[in-house]
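Q: my questions are about this predicted structure, shown below with the sequence.
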Amino acid sequence: DSACADRKVDSVCPYCGVGCQLTYHVKQDRIVFVEGRNGPSNENRLCVKGRFGFDYPNHPSRLTVPLIRREGVPKGLDPDFDPAKPFSHFRAASWDEALDLAAAGLRRLRDTHGPDALAGFGSAKCSNEEAWLFQKLVRTGFRSNHVDHCTRLCHASSVAALIECIGSGAVTASFMQAQQADVVILTGCNPTVNHPVAATYFKQAAKRGTKLIVLDPRGITMGAYAHRMVRFTPGSDVSLFNAMLNVIVTEQLYDEDYIAAHTEGFEALKAHVAPMTPEAMSPACGVAAEEIRDIARLYAKAERAMIFWGMGISQHTHGTDNARGLISLALATGHIGRPGTGLHPLRGQNNVQGASDAGLIPMVFPDYQPVGNAQIRAAFEELWNTPLHDKPGLTVVEIMHAIHAGTIRGMYIQGENPAMSDPDLAHARGALAMLEHLVVQDLFVTETAQFADVILPASAWAEKDGTVTNTNRQVQMGRAAVPLPGDARPDWWIIQEIARRLGLDWHYTHPRDVFAEMKRGMHSLDHISWERLDAEQSVTYPCPADDAPGLDVVFGDRFPTASGRARFRPTVPLPPDEPIDDAWPTVLITGRQLEHWHTGSMTRRAAVLDALEPAAVATLAPGELARLGLEPGEPLAIETRRGSITLTARTDPLMPEGMVFVPFCYVEAAANMLTNPALDPYGKIPEFKYAACRLSAC
Ligand code: SF4
């Protein structure tokens, strides 16, 4: 406990995008206790992951030495493989041998087959500096733009819509602003589970009188605090938002002055939504017309209102359209750019905002600057002193297709686990097995690392210095609290060693050197220095001056678009890619549990968290389970067109009939064996929130 600690180190939680500040209590170079700190997004609070999920770096399966695959051992998941005893499949190597082999394989493929033969996945769990270095390595060392990360599975569609409509992919206001709002819409998100400390601020806002409107196909516990909890038919988001816009137009609830001063395209939107009355959309949404009218009026008539959304919005083949609809609601009512107003996609990983800002995206350089723009490209060519590719690269799922097509032959994967996180895992794992050369850099022999030729032992968050950017645009300082175990190394150092072996002349000595370079390519970091972050712990971007706080609310006067105006983008309701039918009658959705993080590589190795949720479960409505003749706790089989899994059934009265929820962290019942890889055409995000399945007792 804290009383026995011999020192304390201030840092940031490594899990979700809320970005809670915390203090590690360390005894004999081991973290023994974690305490919340008074950060701008948590005010001393932590959830169960931040408080108890600190011991995974000490797990017996932690990698402490570079590994090279033994000759003749096939690539892939071997049920008999024990990550704590990797030497059955891999042999230990020196850093020089492992790095030489890793880089030689990448170089050979690049030089033989051209830059398009290589791709890289960086990580939203790494620091801003590591994200910057990784995308720079792919762009200047691999010489392509085939670099992506888990934003593609998370909020890529939200970002696509935000950039298109308001010129910026980040939130317009922090979640603290909810406390100043009269009305808050929470849609397609489950904050008590996925953003638990942010949820406490929503609850407090409700206690003080803010009217929460929860819009979700699934009941969520936040509904208990809501003024209205509206459950709609899965996949009908666009119909619902268009019907709300129809009410706002028909009843002239829009803000004429705001629209005239700050937007373009409203007349087209008006005409577009004219036929989409609540009565016309009600059957598709499964919501009564009067209910749609009520929530549209509540939102539009509020003096200050905000919209928060999560992956229930973004993870659809119409995810970009969903976000466009929410943006139109805010623009039509002028609920943006003032305190207590705004648009906020709740970001998932602790640094998915920062990793995206730093350029781990195939179509844009850092700060979302298009790779196809000659002027921007020339600026980065000058900064990095090397020619750059002018074509956008491939995205996460597209890269898996390109491997199957024989185009991409080698990959470098840092801290991501596509053998668990990608949709249609049989396809994704098949792709990983086909790679001629795979380098994986991680803390453990993850499911993905089991396909690797070379595994490089990397650094856990509490073992390194670096900055991270949370969902509120707050750039925060993380600090090394404990030493690296064995021969593990900081990620920035490993990336640099690979870069040098690919012929790049890199000489960074500390992450602060990287941050200094980032500031030369990213105006979003203006007036934010490493020294300032070290002193102040957190600075919000954009920041107007060296001694001024950053802006919590943005776009009060103009938007960062060419015209300075925001754009309405009308949307057409489309069915899910794989609608339910008689043969596949149940909707499968996937997501996270409170206790576990994403593919489970960290939290399933954290003793308290693993004890709280030790086994794979599927959650469904009590009536649904009864129809199958099952009791809670009995095994349930779930099958889709792509595969089947068996796991334990659990009931939740908040689940609607006809739906099953499966967390994606359990390798023994991997949810993504089932999911549909169909992509949103704009954000290229898969439809994790709707696959047709069937359930059976087993
Ligand atoms: Fe960590 Fe998120 Fe929990 Fe805060 S809310 S302690 S950032 S997981």
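A: Perfect, thanks for sending it. Numbering: from 1, shown residues only.

Q: near the residue in the stretch 201-350 of the chain positioned nearest to the ligand, how many other residues are there?
A: Across the stretch 201-350 of the chain, no residue is closer to the ligand than residue 350, which sits at 6.4 Å (Cβ to the nearest ligand atom). The C-beta positions use only the backbone N, C-alpha and C, and glycine is treated the same way. The number of residues packed around residue 350, counting by other Cβ atoms under 10 Å, is 30.

Q: then residue 76?
A: Counted by other Cβ under 10 Å, the residues lying close to residue 76 total 14.

Q: what sits against the residue nearest to it when sequence neighbours are not counted?
A: Sequence neighbours aside, residue 433 is the residue nearest to residue 76 in space, at 5.2 Å (criterion: Cβ to Cβ, 6 or more residues apart in numbering). The neighbours of residue 433, taking Cβ atoms under 8 Å, 6 or more residues apart in numbering as the test, are 75-76, 451.

Q: now render the residues you listed as TSV, adding pLDDT and distance to residue 605.
A: What follows is the contacts of residue 433, written out as TSV (pLDDT from 0 to 100; distance: Cβ to Cβ, whole Å):
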residue	pLDDT	distance to residue 605
75	96	23
76	96	22
451	98	20
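
Q: which one of those residues sits closest to the ligand?
A: Minimum distance to the ligand across the contacts of residue 433 is 28.7 Å, recorded for residue 451 (Cβ to the nearest ligand atom).

Q: what sits against that closest one?
A: With Cβ under 8 Å, 6+ apart as the criterion, the residues that contact residue 451 are 75-76, 419, 429, 432-433, 435, 438, 440.

Q: just the buried residues of these.
A: Among the contacts of residue 451, those buried by neighbour count (16 or more other Cβ atoms under 10 Å) are 75, 419, 429, 432-433, 435, 438, 440.

Q: closest to residue 156 out of the residues you listed?
A: residue 419 (20.1 Å; Cβ to Cβ).

Q: element containing that closest one?
A: Residue 419 belongs to helix 418-421 when assigned by DSSP states H and E.

Q: can you name the next helix or strand after that helix?
A: If you walk from helix 418-421 toward the C-terminus, the next helix or strand you reach (DSSP H and E) is helix 425-434.

Q: which other residues reach the next helix or strand after that next one?
A: Secondary structure here is assigned by DSSP H and E; on that basis, the next helix or strand after helix 425-434 toward the C-terminus is strand 437-442. Strand 437-442 is contacted by residues 63, 75, 102, 105-106, 108-109, 409-415, 417, 432, 446, 448-449, 451-458, 491, 494-495, 498, 601 when judged by Cβ under 8 Å, 6+ apart.

Q: residue contacts, the residue of the stretch 201-350 of the chain closest to the ligand?
A: If a contact means Cβ under 8 Å, 6+ apart, then residue 350 has 12-17, 19, 124-125, 461, 468, 470 as its contacts.

Q: now residue 41: closest residue in space that isn't a chain neighbour?
A: Closest residue to residue 41 apart from its sequence neighbours, by Cβ to Cβ, 6+ apart: residue 19 at 5.1 Å.

Q: shouldn't residue 147 be in contact with residue 135?
A: Yes: counting by Cβ atoms under 8 Å, residue 147 does reach residue 135; the two are 5.0 Å apart.

Q: please enumerate the shared neighbours of those two.
A: With contacts taken as Cβ under 8 Å, 6+ apart, residue 147 and residue 135 have 120, 122, 359-361 as neighbours in common.

Q: right, and residue 102 touches residue 454 too?
A: Yes: under the criterion of Cβ under 8 Å, residue 102 makes contact with residue 454 at 4.3 Å.

Q: identify the residues contacting the residue of the chain found nearest the ligand.
A: Of the chain, the residue with the smallest distance to the ligand, taken as Cβ to the nearest ligand atom, is residue 50 at 2.4 Å. Neighbouring residues of residue 50 by Cβ under 8 Å, 6+ apart: 13, 15, 20, 22, 34, 36, 197.

Q: could you check the pLDDT of residue 56?
A: Predicted confidence (pLDDT) at residue 56: the value is 97.

Q: not counting sequence-adjacent ones, nearest residue to it?
A: Distance criterion Cβ to Cβ, 6+ apart; nearest residue to residue 56, sequence neighbours excluded, is residue 605 at 4.1 Å.

Q: that neighbour: neighbour count?
A: Under the neighbour criterion other Cβ under 10 Å, residue 605 is assigned a count of 21.

Q: likewise for residue 207?
A: For residue 207, the tally of surrounding residues (other Cβ under 10 Å) stands at 10.

Q: state the pLDDT value of the closest residue to it other than its chain neighbours.
A: Computed as Cβ to Cβ, 6+ apart, the closest residue to residue 207 that is not its neighbour in sequence is residue 225, at 7.9 Å. At residue 225, the model reports a pLDDT of 97.

Q: quick one: buried residues of stretch 437-446?
A: Buried, per 16+ other Cβ under 10 Å, within stretch 437-446: 437-446.

Q: repeat that for stretch 518-534.
A: Neighbour-count burial for stretch 518-534, with 16+ other Cβ under 10 Å as criterion, is recorded at 518, 521-522, 524-525, 527-530, 532-533.

Q: kindly report the same for stretch 691-698.
A: Taking 16+ other Cβ under 10 Å as the neighbour-count basis, stretch 691-698 is seen to contain the buried residues 691-695.

Q: so which of these also contact the ligand?
A: When Cβ under 6 Å from any ligand atom is taken as the criterion, no member of the buried residues of stretch 691-698 contacts the ligand.

Q: please flag which of those residues sit within strands.
A: Cross-referencing the buried residues of stretch 691-698 against strands under DSSP state E gives 691-695.

Q: hang on, residue 459 packs against residue 489?
A: Yes: Residue 459 lies in contact with residue 489 (Cβ under 8 Å); the separation is 6.8 Å.

Q: distance of residue 561 from residue 168?
A: As for residue 561, its distance to residue 168 is 9 Å (criterion: Cβ to Cβ, to the nearest Å).

Q: so for the two, which sits in the more crowded spot?
A: When residue 561 and residue 168 are compared on other Cβ under 10 Å, the one with more neighbours turns out to be residue 168, at 22 against 17.

Q: the residue nearest to residue 554 when sequence neighbours are not counted: how many residues sit nearby?
A: Setting aside the residues directly before and after it, residue 554 is nearest to residue 172 in space (Cβ to Cβ, 6+ apart), at 5.5 Å. Residues within reach of residue 172, counting by other Cβ under 10 Å, total 28.

Q: got it, and the one 10 residues further on?
A: Number of residues near residue 182 (other Cβ under 10 Å) recorded here: 19.
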